[in-house]
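Peer 1: the sequence and its predicted three-dimensional model are supplied below.
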Amino acid sequence: MTNNVHNFILEKINTLPLAQVILPTQAPESFPFSVDLSTSAFAIDSNCQCDESLMVDSQQTNTVTNVNSRIELVVFSDISLALLSQLTQTCDISLTALTAINHRNNLISYRFAITTDELNLSRQKLISFAEKNNIEAAILFNAPKLDVPGLLVMDMDSTTIKIECIDEIAILAGVGEQVSAVTELAMQGKLDFSESLYQRVATLENASEQILADVAKNIPLMEGLETLITELKKHQWRVAIASGGFTYFADHLKNMLSLDAAYANTLEIIDGKLTGKVLGKVVDAQVKADSLLLLSEEYNIPHQQTVAMGDGANDLVMMEAANLGVAFHAKSIVKAKADTAINTSGLDCMIHWLA
């Protein structure tokens with residue numbers, strides 16, 4: 001197929017942000033635009049609005065563009081052309097088309113159709129590249145759509161909130177160092193989660209129930225949480241928590257944020273004191289995954305529209321059960337197995353991973 005394309009010499013534009021070269025004001029109906037990016041040159045369909053002062057020329061070229069690829073690269077508008085080129089080389093991907101520019105939550109993201117011979121390998125290379133270069137980016141396959149009802153299930157501790165509740169309880173109970181060390185090993189996948197939970201809760205025996213209220217009263221929400229929930233709810237998404245923490249805090253968040261469900265562990269309390277025991281079945285990695293499946297069935301949400309997000313090893317089974325698994329400020333073992341990661345931004349960054 002013959003297209004008219006705008007040509008740029010990468011050396012002349014490599015320090016510029018993407019949004020300065022490809023203007024973010026494209027008409028939605030004008031997409032997609034064929035794209036070709038190499039180590040020395042950049043070309044894009046001439047129908048795309050670009051900064052004409054930066055162009056070398058416009059010419060006809062023969063292109064075969066896979067605009068229907070379900071594999072996408074998402075980057076933000078401030079990435080430089082040099083870094084974008086380096087990203088494609090490092091991750092062994094090729095850009096074939098610009099398919100959308102999304103203006104969400106005061107940020108602008110660019111979505112490119114891409115080709116890759118090894119999707120999982122390219123994803124892992126991107127997670128490392130993004131962390132090294134302090135950017136957020138994602139390689140997505142058949143990404144859930146924002147404007148179609150979906151389901152997001154999140155971990156609670158260190159994901160929807162900034163703390164590990166059991167560590168905070170333990171500090172108030174005078175066993176903080178002992179418990180936090182076990183928590184860290186469990187989140188890294190070095191201890192069986194259920195066993196570690198029983199071990200930690202046992203240290204809280206005879207602590208006052210008041211310490212739970214004290215922690216809940218000042219519970220710090222993760223950046224972007226409320227924005228993420230508000231935006232998803234606008235599009236009829238269901239949002240839930242599945243936590244290896246405790247119902248005292250999960251139910252508090254459910255009520256405060258109008259969540260659709262919350263799964264967590266129940267601490268036994270008798271006469272205003274913790275007994276050091278957990279009631280019922282522990283919400284471990286498998287129960288988290290089962291919760292996602294139960295909710296998707298209850299709300300008639302297709303698998304393609306499911307997302308799971310967490311930071312610890314006990315979130316991996318849940319992330320695997322979802323169409324899209326997002327590692328959020330996560331441990332290395334989680335990043336190594338996730339579909340994508342959010343390294344430094346708030347939870348609302350996830351809005352841009354959705355198609």
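Peer 2: Cool, the structure landed.
Peer 1: from Asp45, how far off is Glu52?
Peer 2: Glu52 is 14 Å from Asp45, where distance means CB to CB, to the nearest Å. For the C-beta atoms, the positions are set from N, CA and C on the backbone; glycine is no exception.
Peer 1: buried ones in the lengthiest strand in the chain?
Peer 2: In the chain, assigned by DSSP state E, the strand with the most residues is strand 93-104. For strand 93-104, a neighbour-count test (16 or more other CB atoms under 10 Å) marks Ile93, Ser94, Leu95, Thr96, Ala97, Leu98, Thr99, Ala100, Ile101, Asn102 as buried.
Peer 1: which one of the residues you listed is nearest Ala19?
Peer 2: Ile101 (8.7 Å; CB to CB).
Peer 1: thinking again about what came up before, chain center to the longest strand of the chain, what's the gap?
Peer 2: 18 Å (CA atoms, centre = their mean, to the nearest Å).
Peer 1: would you put the C-alpha positions of it in PDB?
Peer 2: This file holds the C-alpha atoms of strand 93-104, laid out as PDB (Å, rounded to 0.1, in the frame of the first residue of the first chain):
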ATOM      1  CA  ILE A  93       9.700  -4.300  19.300                       C
ATOM      2  CA  SER A  94       8.700  -2.400  16.200                       C
ATOM      3  CA  LEU A  95       6.100   0.300  16.000                       C
ATOM      4  CA  THR A  96       3.600  -0.100  13.200                       C
ATOM      5  CA  ALA A  97       0.900   2.500  13.900                       C
ATOM      6  CA  LEU A  98      -0.300   5.200  16.200                       C
ATOM      7  CA  THR A  99      -3.700   4.000  17.200                       C
ATOM      8  CA  ALA A 100      -4.900   6.500  19.900                       C
ATOM      9  CA  ILE A 101      -3.900   9.500  22.000                       C
ATOM     10  CA  ASN A 102      -5.700   9.500  25.300                       C
ATOM     11  CA  HIS A 103      -6.300  12.600  27.500                       C
ATOM     12  CA  ARG A 104      -7.000  11.100  31.000                       C
END
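Peer 1: measure Gln305 to Trp237 for me?
Peer 2: Gln305 sits 8 Å away from Trp237, going by CB to CB.
Peer 1: need the residues touching each of these two.
Peer 2: Common neighbours of Gln305 and Trp237 (criterion: CB atoms under 8 Å, 6 or more residues apart in numbering): Pro149, Gly150, Leu151.
Peer 1: any chance of those residues in CSV, plus distance to Ala82 and neighbour count?
Peer 2: Listed next are the shared contacts of Gln305 and Trp237 as CSV, based on distance: CB to CB, whole Å; neighbours: other CB atoms under 10 Å:
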residue, distance to Ala82, neighbour count
Pro149, 40, 16
Gly150, 35, 26
Leu151, 38, 28
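Peer 1: tell me where the stretch 1-150 of the chain has strands.
Peer 2: Along the stretch 1-150 of the chain, counting by DSSP state E, counting those that start in this stretch, strands occupy 2-9, 33-37, 41-45, 57-62, 71-76, 93-104, 107-116, 137-141.
Peer 1: can you list those in CSV and add mean pLDDT?
Peer 2: Output for these, formatted as CSV (pLDDT from 0 to 100):
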stretch, mean pLDDT
strand 2-9, 83
strand 33-37, 94
strand 41-45, 93
strand 57-62, 57
strand 71-76, 98
strand 93-104, 96
strand 107-116, 97
strand 137-141, 97
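Peer 1: starting at the chain centroid, how far to stretch 6-26?
Peer 2: 27 Å.
Peer 1: can you check stretch 323-337 too?
Peer 2: 8 Å.
Peer 1: give the buried residues for that stretch.
Peer 2: For stretch 323-337, burial by neighbour count (16+ other CB under 10 Å) applies to 323-331, 333-335, 337.
Peer 1: what's the end-to-end length of that stretch?
Peer 2: End-to-end distance for stretch 323-337, by CA to CA, to the nearest Å: 14 Å.
Peer 1: now it: average pLDDT?
Peer 2: Per-residue pLDDT over stretch 323-337 has a mean of 94.
Peer 1: and Ile301, what does it touch?
Peer 2: Contacts of Ile301 (CB under 8 Å, 6+ apart): Pro149, Gly150, Leu151, Arg238, Leu295.
Peer 1: do that again at 10 Å, thanks
Peer 2: Pro144, Val148, Pro149, Gly150, Leu151, Leu152, Trp237, Arg238, Leu292, Leu295 (CB atoms under 10 Å, 6 or more residues apart in numbering).
Peer 1: so what's it scoring on pLDDT?
Peer 2: At Ile301, pLDDT is 98.
Peer 1: do Ser128 as well
Peer 2: Looking at Ser128, its pLDDT stands at 92.
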